[in-house]
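Visitor: quick one, what's the 3D model for this:
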Amino acid sequence: MKSNLRQKLSISVLSLGAMATFFVADASAQRNRDKGKPDEQKSERRNDSPRADQQNNQRRDDQARQAEQQRQARDQQQRSQQQNDQRRRDDQNRQAEYQRQQRSQQQNDQRRRDEQNRQAEQQRQQRDRQQYEQRTRNDQAQAEQRRRAEQDRDNGSREQQQAEQRRREEQQRLERSRQNQNQNVRQNPRQNPDRNSWNERHQRLDRNQQQQLQQQRYNQYNQQWGNWQNISKDRYRQLEQQRRMNYLRYQQQYWERIRRDQQRLQQARYYDNYYNNYRYNRGGQYYYTSQYGAQMLRQAVENGYEQGFYAGQADRQDNWGGNYSSSYGYQDAGYGYDSYYVSYSEYNHYFREGFRRGYEDGYYGRNQYGRNSGGRYSILGAVIGTILDIVVD
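Guide: Okay, the predicted model is just below:
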């Protein structure tokens, strides 16, 4: 065992010696190499000197190019920055100019609005002033109109009273004349064949008697015609003063028809078969007339209703108080009298009966007694029967 231990120690010593020898030899070789290395470097430097200069020159050129490129890059960057700054300043200037223009436009718009408001206010004040002045004028005109209307009503009332008085006097005169004629007929039946105003039952009239009848009734009509010419002028002036324009238009149409009736009356025809074969009752007394007279009496009622309707309608449109008896048509009652088949007073009576009913329908806007047929206002047949009960005898 000891020999093994010695053997192992010998081997270890030999190994350590070998290793030490190796390390010494290596260190020596390293020293030799280190000694020869500067010479090699010097030789290499001598061999590489031109190439190094070329490399240095290349390096300096590269550095110069890099410096130039950097300088150009810096210049480009600087120019770009300057351009950006200029664009920014230009944008700021444009924005500032736009804002200035906007403010100027807003100020102009505001001044324009202020001017418009000022003008609108002036116009409003002017309208208010004009409206106030117009209201004042209207109030004054209405007050003046009311005053004149009251004055006209007073004058019209007096004129109506006077006209009514003249009408009553005329009716009384005509009634006295008719009574005197009837009395003369009763007293002298042979001397006057026109007994009971030419309305004897079944009486026949020849041409001579018709001529006498025409002359008698024509004289009666002329008396009324003379009164009508005087009254119409006063009536026209009165309606103008009262400002009853709608009634004045109706009245002018009425007067125009009166003129035409007067002309037709002068050209009335004769009939050979004039025969009193119709009977009607008025005031408890029977009267007789021909078929032409019966037709004329019905026409009197119809004319009266139509003219009464227009008169009432005109008074309503003029805001005038409703009073049929004050209407000239009712007082005259001669509209449509254009022949001699009935006396003028008989025609007046039945005309007024129709006129009164037509006036009420026209003034109150109703159709109690008549109707509108084809644009004309006509009285109902049943109503005519209650007014004029005439039959063949």
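Visitor: where does the prediction get shaky in this protein?
Guide: 1-8, 10, 12-18, 20-48, 145-146, 148-218, 221-230, 268-275 (pLDDT under 70).
Visitor: apply 50 and report the result again.
Guide: Per-residue confidence of the chain (counting by pLDDT under 50) places the weak regions at 181-182, 184-197, 202.
Visitor: and the strands in it, which stretches?
Guide: All strands of the chain, identified by DSSP state E, fall at 204-205, 274-275, 278-282, 285-289, 370-373, 376-379, 390-392.
Visitor: adding mean neighbour count, write these out as CSV.
Guide: In short, each C-beta sits where N, CA and C put it, glycine included. Below are these laid out as CSV (neighbours: other C-beta atoms under 10 Å):
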stretch, mean neighbour count
strand 204-205, 18
strand 274-275, 19
strand 278-282, 17
strand 285-289, 18
strand 370-373, 14
strand 376-379, 19
strand 390-392, 13
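Visitor: any chance of those in JSON lines, plus distance to Q95?
Guide: Below are the strands of the chain laid out as JSON lines (distance: least, C-beta to C-beta, whole Å):
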{"stretch": "strand 204-205", "distance to Q95": "117"}
{"stretch": "strand 274-275", "distance to Q95": "114"}
{"stretch": "strand 278-282", "distance to Q95": "107"}
{"stretch": "strand 285-289", "distance to Q95": "110"}
{"stretch": "strand 370-373", "distance to Q95": "81"}
{"stretch": "strand 376-379", "distance to Q95": "84"}
{"stretch": "strand 390-392", "distance to Q95": "106"}
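Visitor: and of these, who's closest to R59?
Guide: Nearest to R59, of all those, is strand 370-373, at 127.7 Å by C-beta to C-beta.
Visitor: in CSV, list the C-alpha atoms belonging to that closest one.
Guide: Output of strand 370-373 as CSV, limited to C-alpha atoms (Å, rounded to 0.1, in the frame of the first residue of the first chain):
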residue,chain,number,x,y,z
GLY,A,370,-143.4,84.9,-50.9
ARG,A,371,-140.4,83.3,-52.5
ASN,A,372,-137.5,83.9,-54.8
SER,A,373,-138.2,82.5,-58.2
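Visitor: I'd like to know which elements that strand is packed against.
Guide: Contact analysis of strand 370-373 by 3 or more C-beta pairs under 8 Å, 6 or more residues apart in numbering; DSSP states H and E lists helix 344-364, strand 376-379 as its packing neighbours.
Visitor: what's next to the shortest one, contact-wise?
Guide: The set of residues external to strand 376-379 that reach it, using C-beta atoms under 8 Å, 6 or more residues apart in numbering, is 301-302, 305-306, 309-310, 354, 357-358, 361-362, 369-371.
Visitor: what's the burial count for the residue nearest to G308 when sequence neighbours are not counted?
Guide: What sits nearest to G308 in space, not counting adjacent residues and going by C-beta to C-beta, 6 or more residues apart in numbering, is G358, at 2.9 Å. Burial of G358, expressed as a neighbour count using other C-beta atoms under 10 Å, amounts to 31.
Visitor: give the buried subset of the contacts of strand 376-379 as a PyMOL selection command.
Guide: The buried residues among these can be selected in PyMOL (16 or more other C-beta atoms under 10 Å) with this line:
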select buried, resi 301+302+305+306+309+310+354+357+358+361+362+369+370
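Visitor: ok, G322 touching Q313?
Guide: No. Counting by C-beta atoms under 8 Å, Q313 is not a contact partner of G322; they are 10.7 Å apart.
Visitor: identify the contacts common to the two.
Guide: Jointly contacting G322 and Q313 under the rule C-beta under 8 Å, 6+ apart are Y363.
Visitor: okay, these two: which has more neighbours?
Guide: Each of G322 and Q313 had its neighbours counted (other C-beta under 10 Å), and the higher figure belongs to Q313 (21 against 15).
Visitor: buried ones in stretch 96-110, by neighbour count?
Guide: For stretch 96-110, a neighbour-count test (16+ other C-beta under 10 Å) marks nothing as buried.
Visitor: I'd like the contacts of strand 376-379 written out as TSV, with distance to Y340 added.
Guide: Output for the contacts of strand 376-379, formatted as TSV (distance: C-beta to C-beta, whole Å):
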residue	distance to Y340
V301	19
E302	19
Y305	23
E306	22
F309	27
Y310	27
G354	20
R357	26
G358	25
D361	31
G362	30
Y369	29
G370	28
R371	31
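Visitor: looking at the strands of the chain, which is nearest to Y341?
Guide: Counting by C-beta to C-beta, and looking across all of these, nearest comes strand 285-289 at 6.7 Å.
Visitor: who does the closest one pair up with?
Guide: Strand pairing for strand 285-289, determined by DSSP bridges: strand 278-282 (antiparallel).
Visitor: using CSV, write down the CA coordinates of the strand it pairs with.
Guide: Taking Å, rounded to 0.1, in the frame of the first residue of the first chain, the C-alpha atoms of strand 278-282 are listed here in CSV:
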residue,chain,number,x,y,z
TYR,A,278,-165.6,88.9,-62.3
ARG,A,279,-166.7,89.7,-58.7
TYR,A,280,-164.6,90.5,-55.6
ASN,A,281,-165.4,91.8,-52.1
ARG,A,282,-163.6,94.7,-50.4
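Visitor: which residues does it contact?
Guide: Against strand 278-282 from outside (C-beta under 8 Å, 6+ apart): 201, 286-291, 293-294, 297, 349, 388-393.
Visitor: recalculate using a threshold of 6 Å.
Guide: Strand 278-282 is contacted by residues 286-289, 294, 390-393 when judged by C-beta atoms under 6 Å, 6 or more residues apart in numbering.
Visitor: and the angle from it to helix 344-364?
Guide: In this structure, strand 278-282 runs at an angle of 60 degrees to helix 344-364, with axes from the mean of the first three to the mean of the last three C-alpha atoms, to 10 degrees as the basis.
Visitor: from here on, call the first residue 41.
Guide: All right, first residue 41 from here; so that's strand 318-322.
Visitor: CSV for the helices and strands packed on strand 410-413, including distance to N286?
Guide: Formatted as CSV, those follow (distance: least, C-beta to C-beta, whole Å):
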stretch, distance to N286
helix 384-404, 11
strand 416-419, 16
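Visitor: how about those, which one is nearest R175?
Guide: Nearest to R175 among the helices and strands packed on strand 410-413 is helix 384-404; the distance by C-beta to C-beta comes to 32.0 Å.
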